[in-house]
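[1] I would like the atomic coordinates for the input below:
(one chain, ligands or ions: 1)
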Amino acid sequence: MSIPTTMKAVVVEQTGGPEVLQFQTSYPVPTPKNGELLVSNGISGVNYIDTYFRTGLYASPKPEVLGREGAGIVKAIGPNVSGFQVGDRVAWLTTGGYAEYTAVPADRTVHIPDGVSDETCMSAFLSGLTVLSFVKETYAVQKGDWVLVHAAAGGAGFLMTQILKSIGAKVIGTAGGPEKCALVKGLGADVVIDYRSEEGKKWVKKVKEATDGRGVDVVYDSVGKDTWEGSLEAVKRKGTIVWFGNASGPVPPIPLPKLSPKCVKIARPTLFGYIETREEFEFYTNELFQLLSSGELKTKVHKVYPLEEVAQAHIDLEGRKTTGKLLLKP
Ligand SMILES: NC(=O)c1ccc[n+]([C@@H]2O[C@H](COP(=O)([O-])OP(=O)(O)OC[C@H]3O[C@@H](n4cnc5c(N)ncnc54)[C@H](OP(=O)(O)O)[C@@H]3O)[C@@H](O)[C@H]2O)c1
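    Numbers count the residues shown, from 1 in each chain. Have a look, this model is predicted:
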């Protein structure tokens with residue numbers, strides 16, 4: 001089938017609320033440049049980071065087609081690309097996923113193995129690579145560690161809880177509401193706290209109780225503004241806090257002396273810093289695909305939204321109405 005000249009895409013011209021997500025039906029199909037592939041996206045991921053680029057919390061050039069990941073079929077190949085052919089089924093990480101076609105750097109693209117569907121791949125791609133690199137490299141989680149995971153029913157949290165349990169860690173998961181908590185418990189979390197309930201607002205106390213007063217070895221905190229102080233209280237002496245997101249807003253600048261009394265280590269990683277080289281990217285994608293192929297890692301799709309309903313996807317995600325991963329059907 002020949003490649004059309006225009007396509008459906010969601011474009012952001014200026015930063016703002018979900019209303020700035022403009023669904024267009026005659027956006028130009030990109031031409032793959034040097035080192036790039038043109039991918040027809042069967043499915044794309046929606047990630048919390050997309051909302052940061054939409055609001056301007058993270059800077060990016062506008063106008064912009066949002067969306068950091070997609071899966072689909074290679075339709076054309078730019079100059080100086082090796083290892084890919086037209087017709088290959090691939091997943092990619094870059095930008096421009098809220099569209100029918102995306103021109104993506106070949107070095108940010110991998111083949112999806114047979115036995116892993118596009119949808120399964122997208123429900124764990126950016127989120128799963130994040131989790132794998134953060135539990136291996138930001139802090140190397142050990143069997144028996146106590147780990148606190150905030151937003152444990154979310155896209156990243158759902159996968160993190162399972163991966164931590166597979167390492168043999170003891171997991172305390174927080175989540176908002178009884179349904180989300182039941183989901184996290186079902187993943188094998190040792191302790192689950194509904195941090196939005198009256199009782200659960202004292203989550204720091206509960207974490208201390210669960211750990212015999214010591215606190216946890218490591219906190220994975222992607223909620224940020226609303227939880228950072230509690231995370232600092234809940235971590236043990238010589239423990240580590242990994243702040244990796246801003247779901248409630250960014251963590252404010254912290255005076256370093258706050259870390260001294262307990263000799264706490266802090267980290268503020270990004271996935272992209274762990275998969276910069278091709279070798280690193282393949283290391284983590286291979287590990288992820290192995291976990292998905294074997295069925296060891298379960299995925300959960302909250303909903304597949306048609307591309308034109310992307311604003312609703314952002315409203316649901318920011319409204320804390322979702323569990324697992326949100327996907328878009330271009
Ligand atoms: N640094 C990196 O490289 C990297 C990579 C991937 C993801 N992340 C971060 O990881 C986090 C999870 O990403 P995701 O895409 O998987 O999203 P998600 O976890 O599916 O959604 C965010 C969740 O955060 C919780 N939350 C707490 N306070 C909130 C508030 N005030 N507003 C909205 N949500 C709130 C909600 O769960 P409850 O209702 O249970 O509280 C919500 O479902 C995000 O902060 C994202 O930026 C970072």
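[2] how about the residues of the stretch 1-150 of the chain that lie near the ligand?
    Residues of the stretch 1-150 of the chain lying close to the ligand by CB under 6 Å from any ligand atom are Asn47, Tyr48, Ile49, Ser127, Thr130. To be clear about C-beta, it is placed using only N, CA and C from the backbone, and glycine gets the same treatment.
[3] wait, isn't the first one in contact with Ser127?
    Same thing as Asn47. Yes. Using CB atoms under 8 Å, Asn47 is in contact with Ser127, at 7.1 Å.
[4] where do the contact lists of these two overlap?
    Contact criterion CB atoms under 8 Å, 6 or more residues apart in numbering; residues shared by Asn47 and Ser127: Gly155.
[5] Now distance to Pro253 and neighbour count too, for the residues of the stretch 1-150 of the chain next to the ligand, in TSV please.
    Listed next are those as TSV, based on distance: CB to CB, whole Å; neighbours: other CB atoms under 10 Å:
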residue	distance to Pro253	neighbour count
Asn47	25	24
Tyr48	21	19
Ile49	21	19
Ser127	27	26
Thr130	24	27
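[6] Which of those residues fall in helices?
    Residues of these located in helices (DSSP state H): Tyr48, Ile49, Ser127, Thr130.
[7] tell me which of those residues is nearest to Trp228?
    Nearest to Trp228 among those, counting by CB to CB, is Tyr48 at 16.4 Å.
[8] List the contacts of that closest one.
    Gly154, Gly155, Ser222, Gly245, Asn246, Ala247, Leu317.
[9] which residue is nearest the centroid of this protein?
    The centroid of the chain falls nearest to Ser127 when counting by CA atoms, centre = their mean (3.1 Å).
[10] so that residue makes contact with Lys325?
    Yes. If you go by CB under 8 Å, Ser127 and Lys325 touch, sitting 6.4 Å apart.
[11] Please enumerate the shared neighbours of the two.
    Joint contacts of Ser127 and Lys325 (CB under 8 Å, 6+ apart) are Gly45, Gly155.
[12] Quick check: mean pLDDT of the longest helix along the chain?
    When the chain is parsed with DSSP H, its longest helix is helix 278-293. For helix 278-293, the mean pLDDT works out to 98.
[13] what does the stretch 151-300 of the chain put close to the ligand?
    So the stretch 151-300 of the chain meets the ligand at 151, 153-157, 175-176, 180, 222-223, 226, 244-248, 269-271 (CB under 6 Å from any ligand atom).
[14] Nearest to the ligand: which residue in the stretch 51-200 of the chain?
    Gly154 (2.0 Å; CB to the nearest ligand atom).
[15] Can you report how many residues neighbour that residue?
    Per other CB atoms under 10 Å, the neighbour tally for Gly154 reads 29.
[16] tell me the contacts of it?
    Tyr48, Ser222, Ala247, Thr322, Thr323, Gly324.
[17] contacting residues for the fourth one?
    Contacts for Thr322 were tallied using CB under 8 Å, 6+ apart; they are Gly154, Gly155, His302, Lys303, Asp316.
[18] now those in CSV, with distance to Arg89, pLDDT and secondary structure?
    Formatted as CSV, the contacts of Thr322 follow (distance: CB to CB, whole Å; pLDDT from 0 to 100; DSSP: H, G, I helix; E, B strand; the rest coil):
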residue, distance to Arg89, pLDDT, secondary structure
Gly154, 27, 98, coil
Gly155, 22, 98, helix
His302, 24, 98, strand
Lys303, 23, 98, strand
Asp316, 28, 98, helix
